[in-house]
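*Asks:* let's see this in three dimensions:
(chains A, B, C and D)
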Number of protein chains: 2
Amino acid sequence: MPHSSRPLEDLYAGAALTIRTVTRMAKAYERIADDLRDRIRAGDLAPGDRLPAETTLVERYGKSLPTLRQALGLLQAEGLIEKQHGRGNFVRRPRTPVKRSNTRHQWEKSRAREPEQQRRKTGATEHDTGLEVDDLVFHASYEVVDAGEELAEIFGVPAGTAMLERTYRTRYQAEAHPFSLVDSYLVRDVVAANPDLLDATNEPWPGGTQSQLHSIGIELERIEERVLARPPSAEEAEELGLPPGTSLIVVGKTSYDTDGRVVEHSVIRLPGDRTVMSFVTPLERW
Amino acid sequence: MPHSSRPLEDLYAGAALTIRTVTRMAKAYERIADDLRDRIRAGDLAPGDRLPAETTLVERYGKSLPTLRQALGLLQAEGLIEKQHGRGNFVRRPRTPVKRSNTRHQWEKSRAREPEQQRRKTGATEHDTGLEVDDLVFHASYEVVDAGEELAEIFGVPAGTAMLERTYRTRYQAEAHPFSLVDSYLVRDVVAANPDLLDATNEPWPGGTQSQLHSIGIELERIEERVLARPPSAEEAEELGLPPGTSLIVVGKTSYDTDGRVVEHSVIRLPGDRTVMSFVTPLERW
DNA sequence: GAGTGGTCTAGACCACTGT
DNA sequence: CAGTGGTCTAGACCACTCC
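*Replies:* The predicted model follows:
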């Protein structure tokens, strides 16, 4: 079963759960989809393989083209196949899962005060993914924008306050699409205390954002993350290489300093079909 | 803008982000979808309103039925409209968002040792949602199952070990569909120390799982949650009332006791279009 | 039974990919 | 240029909802 080598994800995928099977009339496009799905799961069609041409499948199943295409649409929504205009339909290769844990925050905090040479070795993303710096391609750009109502409310500043907007794109060297889109916001006048922080060419900053904040005397006390999922816009789907039907995970991350003030806020958009986030909650002892 | 009364969610929805507009040929079904989307956002079509019949829209836009339906399919995937066979297409009413925070774990732990009368007042779900116990309808059933490979690995027990499987469904009194499907697992022989724990009719147990574990002398030390999103199966979509195109959020929650042993594991399935999870990560002071 | 969406057909023409 | 998927049409018949 090419798509289910990881036991844990099987469990979450419902494979191990007994689901009450309901007998019902199978529609033509469902029967076709079921058949193709079985062939893929059985390994009859391996990841990367091209499916027979749609016209061929029309003949094989004895149904019309639109009906067949409806079946393929189902499989596409499930992430099993990928359509490539002019080339064919292909069995999707499972993409490298992207792991992200909230233990990264404490790790990054501890790193922030270490010497630069030490900080340069690995970043929080490498910490999460277990990869080397060279495996990742990183792109950053900065811009100064006025705070909208939402941002103003989050930071507790007047609307229109000048904010430093930093956008980051990170992808695996070997892949075409980034696995995270990050838009991070800081109050411009706060970070201006260190002019280096206003210059995108200093990215990637060894030690990350917490190290940058440390350079202007800010210590973080806690981080709050809000997680939701929604369908991607057409642009987001294209940028992340998301197949139609898969969703976007959006994380709103807010950093509070030791005075309880909001010092940073990020909107992190992640592909829903390959992101696994982990959150550890320690509990106080009785 | 009926779908965007909550500022924070606007930000995460991308409304406040400048997205580079790309000029490209608009396809017929995209133009129709754009037009209808605009009408909905403008409030021209209010939540709950029925759209004109598909045949009427075919005349209005001068396109064929399949093309029009393709456009409606887009809007449905975006969660803007809802199709109801035999009734019509309706502008979706935003559903009550379901909030869930990891602060519930510490809250529940503190509660576990309080007197029953105190525990009975509110549960963790009410703590999250800010609702009263009476606003929620709760269903539980228990079953003893053999541990599969995945469960065995998680708990560090041999495959085939007898597990207590507890399934929970929770919904708002006023709504037809539950907002969470929980399958929780415990090692049967561990919980058998208190026979009350094997009986589903004792649910809802005041104080929740941590209180139950307390009754057999187990104290939790930390909770790990793994979060991912995937498309729902047909059954899950139906049970949660998910429109096609929206995704499921799956949380794998593992509870460790003070000896570092796994004592409970849950698979929690939540509707992706209405669930907002919040995770707070405290950081150690410098 | 009237009105609505759901499924399915047969076929035309366009757009993209690779040789 | 051949092969492939993408868009679109006109129309038939079925299934569901509600009066």
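*Asks:* using PDB, write out every CA atom in stretch A:53-61.
*Replies:* Presented in PDB, the C-alpha positions along stretch A:53-61 are these (Å, rounded to 0.1, in the frame of the first residue of the first chain):
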ATOM      1  CA  ALA A  53      -5.700   8.000 -21.700                       C
ATOM      2  CA  GLU A  54      -9.200   9.200 -20.800                       C
ATOM      3  CA  THR A  55     -10.500   8.000 -24.200                       C
ATOM      4  CA  THR A  56      -9.100   4.600 -23.500                       C
ATOM      5  CA  LEU A  57     -10.800   4.500 -20.100                       C
ATOM      6  CA  VAL A  58     -14.000   5.600 -21.700                       C
ATOM      7  CA  GLU A  59     -13.900   2.500 -23.900                       C
ATOM      8  CA  ARG A  60     -12.800   0.200 -21.000                       C
ATOM      9  CA  TYR A  61     -15.600   1.200 -18.700                       C
END
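*Asks:* list the buried ones in that stretch?
*Replies:* A:Leu57, A:Val58, A:Tyr61 (16 or more other C-beta atoms under 10 Å in any protein chain shown). No exception for glycine: its C-beta is placed from N, CA and C like everyone else's.
*Asks:* that one and DNA strand D, are they touching?
*Replies:* Yes. Stretch A:53-61 reaches DNA strand D (C-beta under 7 Å from any atom of the strand) through A:Ala53, A:Glu54, A:Thr55, A:Thr56.
*Asks:* closest to chain B out of those residues?
*Replies:* Distance to chain B, by C-beta to the nearest C-beta, is smallest for A:Glu54 among the residues of stretch A:53-61 next to DNA strand D, at 16.5 Å.
*Asks:* which bits of chain A sit near DNA strand D?
*Replies:* Within chain A, the positions near DNA strand D by C-beta under 7 Å from any atom of the strand are A:51, A:53-56, A:65-66, A:69, A:83-89.
*Asks:* just name the closest of the buried residues of stretch A:53-61 to DNA strand D, please.
*Replies:* A:Leu57 (7.8 Å; C-beta to the nearest atom of the strand).
*Asks:* the closest one and A:Leu51, how far apart?
*Replies:* Per C-beta to C-beta, to the nearest Å, A:Leu57 is found 7 Å from A:Leu51.
*Asks:* how many neighbouring residues does whichever residue of the stretch 101-250 of chain A sits closest to DNA strand D have?
*Replies:* Nearest residue of the stretch 101-250 of chain A to DNA strand D: A:Pro244, at 9.7 Å (C-beta to the nearest atom of the strand). By other C-beta atoms under 10 Å in any protein chain shown, 16 other residues sit near A:Pro244.
*Asks:* isn't it right up against A:Ala237?
*Replies:* Yes. Between A:Pro244 and A:Ala237 there is a contact at 6.9 Å, judged by C-beta atoms under 8 Å.
*Asks:* so which of the residues of chain A next to DNA strand D sit within helices?
*Replies:* Counting by DSSP state H, the part of the residues of chain A next to DNA strand D found in helices is A:Glu54, A:Thr55, A:Thr56, A:Leu65, A:Pro66, A:Arg69.
*Asks:* follow-up on the earlier one: please dump the residues of stretch A:53-61 next to DNA strand D into a markdown table; it should also carry distance to DNA strand C for every row.
*Replies:* Below are these laid out as a markdown table (distance: C-beta to the nearest atom of the strand, whole Å):
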| residue | distance to DNA strand C |
| --- | --- |
| A:Ala53 | 12 |
| A:Glu54 | 10 |
| A:Thr55 | 10 |
| A:Thr56 | 15 |
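*Asks:* quick check: the farthest pair among those?
*Replies:* A:Glu54 and A:Thr56 (7.2 Å; C-beta to C-beta).
*Asks:* pretty sure A:Leu181 is in a strand, no?
*Replies:* Yes. Counting by DSSP: H, G, I helix; E, B strand; the rest coil, A:Leu181 is part of a strand.
*Asks:* per-domain residue ranges of chain A.
*Replies:* A:7-91, A:98-278 (automatic domain parsing).
*Asks:* tell me how far A:Pro66 lies from A:Glu54.
*Replies:* Plainly put, A:Pro66 is 10 Å away from A:Glu54 if you go by C-beta to C-beta.
*Asks:* kindly report the same for A:Leu213.
*Replies:* 54 Å.
*Asks:* what's the answer for A:Ile223, then?
*Replies:* A:Ile223 is 49 Å from A:Glu54, where distance means C-beta to C-beta.
*Asks:* repeat that for A:Thr254.
*Replies:* 48 Å.
*Asks:* quick one on the thing from earlier: OK, contacts around the residue of the stretch 101-250 of chain A closest to DNA strand D?
*Replies:* A:Gly73, A:Gln76, A:Ala77, A:Ala237, B:Ala77 (C-beta atoms under 8 Å, 6 or more residues apart in numbering or on different chains).
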